[in-house]
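A.B. asks: here are the coordinates; sequence isn't available:
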């Protein structure tokens, strides 16, 4: 089998799209194929958006698409983004952690004499099923169903 040709983007397999569409009922794709004569970053999106952003397009990668999806989220719209992550991150996300974006802070050197800014740091909590431990890990607004703890 020959290696695939080099491309600036790859298409979503139809069977994956169909599976996701059945669940999320997409009404807009801002990154369709063939590429349209309009820019998906500047047009209004739908209520349920399928976004497989161009990753190596020389225009900032996925970040502009994430920002646009966040702007659409603020309008009450839903977006599903296909974004590749590193293998370790993929494994962590598959485990279903609670994800908590942290406010900026500074790491401290072992001798305590210097500090270095921590940027864009996220805390991942993998909850236990032990009642004595798990309630401490659960965010304040979560209920018993999300604590993985059975109520007495």
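C.D. replies: Received, thanks. All values derive from a computational prediction rather than experimental measurement.
A.B. asks: tell me who's in contact with residue 44.
C.D. replies: For residue 44, no residue meets the contact criterion (C-beta atoms under 8 Å, 6 or more residues apart in numbering). Using the backbone N, CA and C atoms, a C-beta is placed for each residue, glycine as well.
A.B. asks: spell out which helix or strand contains it, please.
C.D. replies: Using DSSP states H and E, residue 44 sits in no helix or strand.
A.B. asks: what's the answer for residue 100, then?
C.D. replies: strand 98-101.
A.B. asks: for that strand, buried residues please.
C.D. replies: The neighbour-count check on strand 98-101 (16 or more other C-beta atoms under 10 Å) flags nothing as buried.
A.B. asks: and that strand, which strands flank it?
C.D. replies: strand 122-125 (antiparallel) (DSSP bridges).
A.B. asks: which residues are in contact with the strand it pairs with?
C.D. replies: For strand 122-125, using C-beta under 8 Å, 6+ apart, the contacting residues are 92, 97, 98, 99, 100, 101, 102, 137.
A.B. asks: skipping adjacent residues, who's closest to the third one in space?
C.D. replies: In other words, residue 98. residue 125 (4.3 Å; C-beta to C-beta, 6 or more residues apart in numbering).
A.B. asks: the fifth one now?
C.D. replies: Among residues not flanking residue 100 along the chain, residue 123 sits closest, at 4.4 Å (C-beta to C-beta, 6+ apart).
A.B. asks: what of the second one?
C.D. replies: Beyond its immediate neighbours in the sequence, the residue positioned closest to residue 97 (C-beta to C-beta, 6+ apart) is residue 124, lying 4.1 Å away.
A.B. asks: tell me how far the one you found lies from residue 80.
C.D. replies: 21 Å (C-beta to C-beta, to the nearest Å).
A.B. asks: these two: who's more crowded?
C.D. replies: Using other C-beta atoms under 10 Å, the more surrounded residue of residue 124 and residue 80 is residue 80, with 15 against 12.
A.B. asks: hang on, that one in a strand?
C.D. replies: Yes. Residue 80 sits within a strand when classified using DSSP: H, G, I helix; E, B strand; the rest coil.
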